[in-house]
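*Asks:* I would like the atomic coordinates for the input below:
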Amino acid sequence: MHYLESDSVDPRFNLALEQVVFDSLDPAQDCFMLWRNDNAIIVGKHQNTAAEINAEYVRQRNIHVVRRLSGGGAVYHDLGNVNFTFITAAGGDRPLDFGAFCRPVVRALAALGVTAEISGRNDMTIGGRKFSGNAQYRKRGRVLHHGTILYDSDLSVLGKALMVPKDKYESKAVQSVRSRVCNIRDHMAADLGVERFMEELRDAMFREFAMEPHALSAADRDATRRLQRDVYDTWAWNFGESPAYRIRKERRVDGCGKIEVHMDVERGTIRRIAFFGDYFGDGDSAELGRLLEGARLERGCLRETLAAIAIGDYFHNLDPEAFVDILTE
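*Replies:* Numbers count the residues shown, from 1 in each chain. Sure, this is the predicted structure:
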């Protein structure tokens, strides 16, 4: 396994770097990365950015807003947060497995005296309070798994920069973002700065895996800068168009996430349809929208249309009948 540590704290560069490594790494090789970002909100691939951020606060604080490749929800990064990435084989058509990548991190933290556990589908917690959210992107039999580690982040900014959906915090009977999250630094036996913590975490992961340090080549840096310029620097990628739709439906599905459906329907026929949310899925939701345009918004017709579509590629852990329910109920 290669070990790569980014020397940049530009979130646009680092997300481009992840993609370059993912796309160019020899399929026989695995990679583990550690990296940090300057103040940024990183939104999930399928999210409506405008609905996830406190735009005025973000503008006043010069907080970067960048979209990532993976699904899931928006997260806040600052220099007190450490990010980790695994790039490896996806393991065929098996469902997303977050635990396989979180467990080594939990063990590494235990070696530093921190008692952490995996909670829910894709979080890591200490005493029931979240310090790590995780997401995955899969393509051509490979998986990119990345997660946050709140070490010494400014939680007051986190709570103000993100717009938290009511269905997330009301269902858990909590009062605020801050009450649900914590910094690892508060649970360390030794009071280490974030740079020292990152070194200790790296050393612990080297004990977990047989890793070899990997240095970025000039070609890698050039490819990363080009991708940053062409994608991660652009308004089209990070915000994109969100045209007004006449019909809006929303459903939170266990094991998948929140799915928002925005539709225009004329005389019972779907004319436009788009999907947003913190769900996980490998397929391009815009492609799914094109496949559904022209279909009648009727259960039998939708079942016929979906018979030729692998809906699980677009929404993990969602079956066609449940998808029909979302569209028609």
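
*Asks:* would you confirm that R225 belongs to a strand?
*Replies:* No. Using DSSP: H, G, I helix; E, B strand; the rest coil, the secondary structure at R225 is helix, not a strand.

*Asks:* how much space separates it from W235?
*Replies:* 18 Å (Cβ to Cβ, to the nearest Å). To be clear about C-beta, it is placed using only N, CA and C from the backbone, and glycine gets the same treatment.

*Asks:* between the two, which is the more surrounded one?
*Replies:* Using other Cβ atoms under 10 Å as the criterion, R225 and W235 rank with R225 on top: 16 against 10.

*Asks:* what's the burial count for D222?
*Replies:* Quick note: D222 (other Cβ under 10 Å) scores 11 neighbours.

*Asks:* and it, what's its pLDDT?
*Replies:* On pLDDT, D222 comes in at 97.

*Asks:* please apply the same query to K45.
*Replies:* The model's pLDDT for K45 equals 92.

*Asks:* got a list of what it touches?
*Replies:* Going by Cβ atoms under 8 Å, 6 or more residues apart in numbering, K45 touches 67-71, 137.

*Asks:* try 7 Å this time
*Replies:* 67-71 (Cβ atoms under 7 Å, 6 or more residues apart in numbering).

*Asks:* please list only the buried members of the residues you listed.
*Replies:* 67-71 (16 or more other Cβ atoms under 10 Å).

*Asks:* so which of those comes closest to N37?
*Replies:* Nearest to N37 among the buried ones among the contacts of K45 is R68, at 11.0 Å by Cβ to Cβ.

*Asks:* can I assume the closest one is in contact with L15?
*Replies:* Yes. Counting by Cβ atoms under 7 Å, R68 touches L15, with 5.6 Å between them.

*Asks:* adding distance to R229, pLDDT and secondary structure, write the contacts of K45 out as TSV.
*Replies:* Formatted as TSV, the contacts of K45 follow (distance: Cβ to Cβ, whole Å; pLDDT from 0 to 100; DSSP: H, G, I helix; E, B strand; the rest coil):
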residue	distance to R229	pLDDT	secondary structure
R67	15	95	strand
R68	17	96	coil
L69	17	95	coil
S70	21	94	coil
G71	24	91	coil
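
*Asks:* same list (these) but as JSON lines, adding distance to D230.
*Replies:* What follows is these, written out as JSON lines (distance: Cβ to Cβ, whole Å):
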{"residue": "R67", "distance to D230": "14"}
{"residue": "R68", "distance to D230": "16"}
{"residue": "L69", "distance to D230": "14"}
{"residue": "S70", "distance to D230": "19"}
{"residue": "G71", "distance to D230": "22"}
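
*Asks:* now for those residues, which pair is the farthest apart?
*Replies:* Farthest pair in these, by Cβ to Cβ: R67 and G71, 10.9 Å.

*Asks:* S132 falls within a strand, correct?
*Replies:* Yes. With three-state DSSP as the criterion, S132 is assigned to a strand.

*Asks:* count the residues that sit near the residue nearest to A307 when sequence neighbours are not counted.
*Replies:* The shortest distance from A307 to any residue other than its chain neighbours is 7.7 Å, reached at P320 (Cβ to Cβ, 6 or more residues apart in numbering). Neighbour count of P320, defined by other Cβ under 10 Å: 16.

*Asks:* same deal with Q136?
*Replies:* 23.

*Asks:* please parse the protein into its domains.
*Replies:* For the chain, automatic domain parsing gives the domain ranges 2-238, 247-328.
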